[in-house]
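[1] Here is a sequence with its predicted model. Questions after.
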Amino acid sequence: MAHSSCIELDDDEKKQLLDIARRSIESGVNGGLALKIDRNQIDKKLTIESASFVTLTQNDQLRGCMGNLQASEALAQSVANTAYNAAFRDPRFPSLTADELNQTSIDISILSPMEPMSVSSRADLLTQLQAGNDGLMIEDGLRRSTFLPKVWESLQDPEEFISHLMIKAGLPADHWSDTIQVYRYHTLSFHG
């Protein structure tokens, strides 16, 4: 089965999205709301519905990460909302302050559509998983978690990748069941 591909953006479109993310965080600092995008003021490609994640870092340390897994709004608005959420709604961190803005780096990941994987066991998943390339989402009952492809930079071993994904979902590291659902996706990522 061919893997879903991500949207392609040129440098100007990427720059626009990074600017939207930063302006949305500034809007949150100054007014408490995410930036609202006027679809008539952006490139047409940025109006395509796409899912996105925004990761904020300071000195190479995570400062916030939020996103959505399924496209439900224009890419530009998705980025504005996820940037705002990463800065102010990530429960692991206090809200970003005005003093932190200049020292915060923004990484945007645009997701391809989710591709359901047909796996019969954890070993089967390990053989199908493309280490370093696949983003992965698991779902079992009410438990769900995802790792973007860039997580491979810190969890390079596929077994460790899956174990940490299970733990993130609140499941035992060695969890497997007949009801688990697994999805793969890819991302277009860039930062500024």
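    Received it, and whenever you're ready, just let me know what you need. Numbers count the residues shown, from 1 in each chain.

[2] Which pLDDT value does the model give the residue nearest in space to the middle of the chain?
    Central residue of the chain (C-alpha atoms, centre = their mean): residue 53, 3.0 Å from the mean position. Per-residue confidence at residue 53 stands at 96 (pLDDT).

[3] Show me what stretch 29-41 is in contact with.
    20, 23-24, 27-28, 47, 74, 76-77, 80-81, 83-85, 87, 96-98, 101 (C-beta atoms under 8 Å, 6 or more residues apart in numbering). Every C-beta, even on glycine, is put in place using the N, C-alpha and C of the backbone.

[4] Which of the residues in it are classified as buried?
    Within stretch 29-41, the residues that count as buried by 16 or more other C-beta atoms under 10 Å are 29, 34, 35, 37.

[5] Find the nearest non-adjacent residue to the second one, please.
    If I follow you right, that is residue 34. Leaving aside its sequence neighbours, residue 34 sits nearest to residue 84 (C-beta to C-beta, 6 or more residues apart in numbering; 3.5 Å).

[6] Going by secondary structure, that neighbour is in what exactly?
    Assigned by DSSP states H and E, residue 84 belongs to helix 75-88.

[7] Check which element follows the lengthiest helix in the chain along the chain.
    In the chain, with assignment by DSSP state H, the single longest helix is helix 11-31. On the C-terminal side of helix 11-31, the closest following helix or strand by DSSP H and E is strand 51-58.

[8] Give me the nearest residue to residue 25, chain neighbours excluded.
    Nearest one to residue 25, counting by C-beta to C-beta, 6+ apart, is residue 87 at 4.6 Å.
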